[in-house]
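Student: Mind folding the following:
(one chain, ligands or ions: 1)
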Amino acid sequence: MWSNLREELYYRHIGEHACAALPALAALAREGRPLTRLRAIELAGDLLARADPHTGCIRRRYARDIAALLDLVRSDLAKKYADVDHEPDIFVYRMRSMLAFEGQTEWSRRLVGLIGGEFEIKCPECSAVAFVALGTHGVFTCWDDDSLTDDADDTDLIPAAPTQLAGLAHRLHTLAVTARQPILARRLTYFFGRTTCPRNAHEFTPADTIAGLPG
Ligand SMILES: [Zn+2]
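Tutor: The predicted model follows:
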């Protein structure tokens, strides 16, 4: 059912019309079983994110439903499970939905890079591309050979110290730590860390330059 619904709403309708489903999705999230709640919140967040930047009147019209969805996803994110690192990708989906409901659509999109811990980054200065894998046992960064000169070396990703994280980075890191998601918390320090492009030694933060974002 959910894949059909997503197909219909997300892919076939333009944002504004699809968002007419927000009240129904909010009701499903509120009353449904855990899986229904999960899917309803995720689809509602994606619909809003997709409708941006034309969401001004949508956000006003469905303000109550969006506020209700935001409350639900925040309480899901605050839930503590007995096991650590409980379903980290679902946790990231929930963070993305939360940001979409809050109107931080750009960040909602960028967090897609944390799902599965693999993503591409692109130097904002010279467009050199790197593949990044944040594994459980280490971090692997691979710069695209085609974009490099022969004598350039690969460079590493340097994690930010948790105490140095500020603003949204600090908030997401705190959410992950509080919910007993240490692997994700560690990934966030890399995501908001620093790297240097080997072509021209440009320094940048991976989270600012996630490539191949969903539209
Ligand atoms: Zn560069």
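Student: Near the ion, which residues of this protein are found?
Tutor: By the rule CB under 5 Å from the ion, the part of the chain lying against the ion is 123, 125-126, 128, 197, 200, 202. Bear in mind the C-beta positions are built from the backbone N, C-alpha and C, glycine included.
Student: who are the neighbours of the helix or strand hosting residue 71, in terms of helices and strands?
Tutor: According to DSSP states H and E, residue 71 maps onto helix 63-77. For helix 63-77, the elements it packs on are helix 22-31, helix 34-51, helix 88-102, judged by 3 or more CB pairs under 8 Å, 6 or more residues apart in numbering; DSSP states H and E.
Student: got the buried residues for the following helix or strand past the second one?
Tutor: Moving toward the C-terminus from helix 34-51, the next helix or strand (DSSP H and E) is helix 56-61. Of the residues in helix 56-61, those with enough neighbours to count as buried (16 or more other CB atoms under 10 Å) are 58-59, 61.
Student: Can you convert these into a markdown table and add a column each for distance to residue 169 and pLDDT?
Tutor: As requested, these are exported to a markdown table (distance: CB to CB, whole Å; pLDDT from 0 to 100):
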| residue | distance to residue 169 | pLDDT |
| --- | --- | --- |
| 58 | 28 | 90 |
| 59 | 25 | 92 |
| 61 | 32 | 93 |
